[in-house]
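Trainee: generate a structure from the sequence data that follows.
(2 chains)
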2 protein chains.
Amino acid sequence: MSWKDWVHITKLDPDRYLDKDAIEIVATSGTDALMLSGTLNVTPENQAELYDLVRDYDMPIVVEPADPCGARFEGIDLVFVPSVLNASHPLWIVGQHQRWVRNYSIDWERVVPEAYIVLNPASSVAKVTGSDCSLSAEAVSAYATVADRYFRFPVVYIEYSGTYGDPDVVKAVSENVSDARIFYGGGINNAERAAEMSAYADTIVVGNAVYEAGIEALKATVRAVR
Amino acid sequence: MSWKDWVHITKLDPDRYLDKDAIEIVATSGTDALMLSGTLNVTPENQAELYDLVRDYDMPIVVEPADPCGARFEGIDLVFVPSVLNASHPLWIVGQHQRWVRNYSIDWERVVPEAYIVLNPASSVAKVTGSDCSLSAEAVSAYATVADRYFRFPVVYIEYSGTYGDPDVVKAVSENVSDARIFYGGGINNAERAAEMSAYADTIVVGNAVYEAGIEALKATVRAVR
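Mentor: Reported below is the predicted structural model:
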């Protein structure tokens, strides 16, 4: 199964704790892939710890580093590398990536570039990147079109990290993106929200719900998109 | 002939004057395409004037707007749209493009995205975009790799506008770019320079030489790459 067929991804944060039983339930929930990703306090050590907990499950394990220079490749199927298109500084769009190329050996076959559009001003990722989150649906959709048609990103990621987003924004994006997969993340903690965003996004990403709403909520989001 | 087969492009600036005889010599020089492009004082009026002078020649005519919102499509074969990867502000990387999508109807089939790396700090384009021109060959090459492998730009444009660049920089880029076409522009005003940069770049772009070194110089650069 190609990553392009994934409809449900579970994002696990190396900086947050889940016990072995919880990991077992996540890994067998029916989610298509586990994405190891966090904005703050992600270290080689806590990445490795989390990896050791999930490595034996027969499912894709991918990482999505906040800074590609921190990307781990060993044992990882794919590395999803964000570029934050509505960031306030080129560092988050292209600068980190240039530094990464200069300092690391990269297996490009395993890299999936992601065009992030960050929309919750209270989120860590918005604060760190200084993202302009005061965008209309038309403005978000224009960024998504640039990502899809001009930069040819394979993924456009509508990121409301920490809050539930505006379905009309995701709808507008879905009406304008032709080739890229549309990922949606943020606030999906029940079946209704999973179904609502899945109507427009190709793939939903469930993260905090695992830690906050609980494992049963995760299973409900999986059922909603099947 | 696809634009990917062009080895020599002549760049004409709508803000600079050439008489009809000079245009005739340019258009029949053996250059592969005419690119209408300038950084400053390009208006719909002077673009249209220049277009009227060149339109009847049987050769590709393309434009390359400083701001895509100023792009002209009528009568134009292709629109080359730069993103300045080493600019100091996201406006020049993705911001103008987002505004363009919001405000104009775009014929994407005729758009060729270009990853610019601007390297002459004295040039108008460097000043306008606040480009960081103090880059080593390795740093330029890393930007080029990001353009090629991460963003999947079809063109990486090494731009020394107004001065002759460092062949070692273009060589480093050529050794790291795998899919994109490499364009080189800046200071090519004789056969030796044309040959030197053509050893590494797929396509050389001759601009100022037409106005400054004269039409015979242009013809020498064409002969050098044939």
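Trainee: tell me the residues of chain A that contact chain B?
Mentor: Where chain A comes near chain B, counting by C-beta under 8 Å from any C-beta of the partner chain, the residues are A:81, A:83, A:85, A:87-90, A:93-94, A:97-99, A:101-102, A:106, A:108, A:111, A:113, A:138-139, A:142-143, A:145-146, A:149-153. Quick note: C-beta positions are derived from backbone N, CA and C, even for glycine.
Trainee: so which of those are in helices?
Mentor: Residues of those located in helices (DSSP state H): A:97-99, A:101-102, A:138-139, A:142-143, A:145.
Trainee: nearest to A:Glu45, of the residues you listed?
Mentor: When those are compared for distance to A:Glu45 (C-beta to C-beta), A:Arg99 wins out at 21.9 Å.
Trainee: surely A:Glu49 touches A:Asp13?
Mentor: No - with contacts counted by C-beta atoms under 8 Å, A:Glu49 stays clear of A:Asp13, the gap being 11.8 Å.
Trainee: with neighbour numbers in mind, choose between these two.
Mentor: Neighbours per residue (other C-beta atoms under 10 Å in any protein chain shown) separate A:Glu49 from A:Asp13, with A:Asp13 holding more: 21 against 12.
Trainee: with just CA atoms, put the lowest-mean-pLDDT helix or strand in chain A into PDB.
Mentor: Across the helices and strands of chain A, mean pLDDT, DSSP states H and E gives its lowest value to helix A:208-212, namely a mean of 87. Coordinates of the C-alpha atoms in helix A:208-212 are reproduced here as PDB (Å, rounded to 0.1, in the frame of the first residue of the first chain):
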ATOM      1  CA  ASN A 208      -3.700  14.700  20.400                       C
ATOM      2  CA  ALA A 209      -6.900  12.600  20.600                       C
ATOM      3  CA  VAL A 210      -4.700   9.600  21.400                       C
ATOM      4  CA  TYR A 211      -3.400  11.300  24.500                       C
ATOM      5  CA  GLU A 212      -6.400  13.300  25.500                       C
END
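Trainee: show me what it is in contact with.
Mentor: Residues outside helix A:208-212 that contact it (C-beta atoms under 8 Å, 6 or more residues apart in numbering or on different chains): A:10, A:12-13, A:16, A:18, A:22, A:26, A:162, A:187-190, A:217-218, A:221.
Trainee: in that helix, what counts as buried?
Mentor: Under the neighbour-count criterion of 16 or more other C-beta atoms under 10 Å in any protein chain shown, helix A:208-212 has A:208-210 buried.
Trainee: following the chain past that helix, name the next helix or strand.
Mentor: helix A:215-225 (DSSP states H and E).
Trainee: run through the neighbouring helices and strands of that next one.
Mentor: Using 3 or more C-beta pairs under 8 Å, 6 or more residues apart in numbering or on different chains; DSSP states H and E, the elements in contact with helix A:215-225 are strand A:8-12, helix A:20-27, helix A:191-198, strand A:203-206, helix A:208-212.
Trainee: quick check: which of those is buried the most?
Mentor: Burial of the helices and strands packed on helix A:215-225 is given as mean neighbour count (mean count of other C-beta atoms under 10 Å in any protein chain shown); strand A:203-206 ranks first at a mean of 26.
Trainee: neighbouring strands - and their directions - for that one?
Mentor: Next to strand A:203-206 in the sheet, as set by DSSP bridges, lie strand A:8-12 (parallel), strand A:181-185 (parallel).
Trainee: which one of the buried residues of helix A:208-212 sits closest to B:Leu53?
Mentor: The nearest member of the buried residues of helix A:208-212 to B:Leu53, counting by C-beta to C-beta, is A:Asn208 at 61.1 Å.
Trainee: distance-wise, check A:Asp166 relative to A:Ala195.
Mentor: According to C-beta to C-beta, to the nearest Å, A:Asp166 and A:Ala195 sit 16 Å apart.
Trainee: got it, and A:Ala209?
Mentor: As for A:Ala209, its distance to A:Ala195 is 14 Å (criterion: C-beta to C-beta).
Trainee: in PyMOL, select just the buried ones from the ones in helices among the residues of chain A next to chain B.
Mentor: In PyMOL syntax, the buried subset of these is picked out as below (16+ other C-beta under 10 Å):
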select buried, chain A and resi 97+98+99+101+102+139+142+143+145
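Trainee: just flag the most distant two among the ones in helices among the residues of chain A next to chain B.
Mentor: Within those, A:Arg102 and A:Glu138 form the most distant pair, 37.0 Å apart (C-beta to C-beta).
Trainee: contacts for stretch A:18-37, please.
Mentor: Stretch A:18-37 is contacted from outside by A:1, A:3, A:5-14, A:47, A:50-51, A:53-54, A:57, A:59-66, A:77, A:80, A:205-207, A:210-211, A:215, A:218-219, A:222-223, A:226, using C-beta under 8 Å, 6+ apart.
Trainee: just the buried ones from these?
Mentor: Applying 16+ other C-beta under 10 Å to those, the neighbour count classes A:3, A:6-14, A:47, A:50-51, A:53-54, A:59-66, A:80, A:205-207, A:210, A:215, A:218-219, A:222 as buried.
Trainee: quick check: A:Glu74 is in a helix.
Mentor: No - assessed with DSSP: H, G, I helix; E, B strand; the rest coil, A:Glu74 is coil; it does not lie in a helix.
Trainee: quick check, pLDDT for it.
Mentor: At A:Glu74, the model reports a pLDDT of 88.
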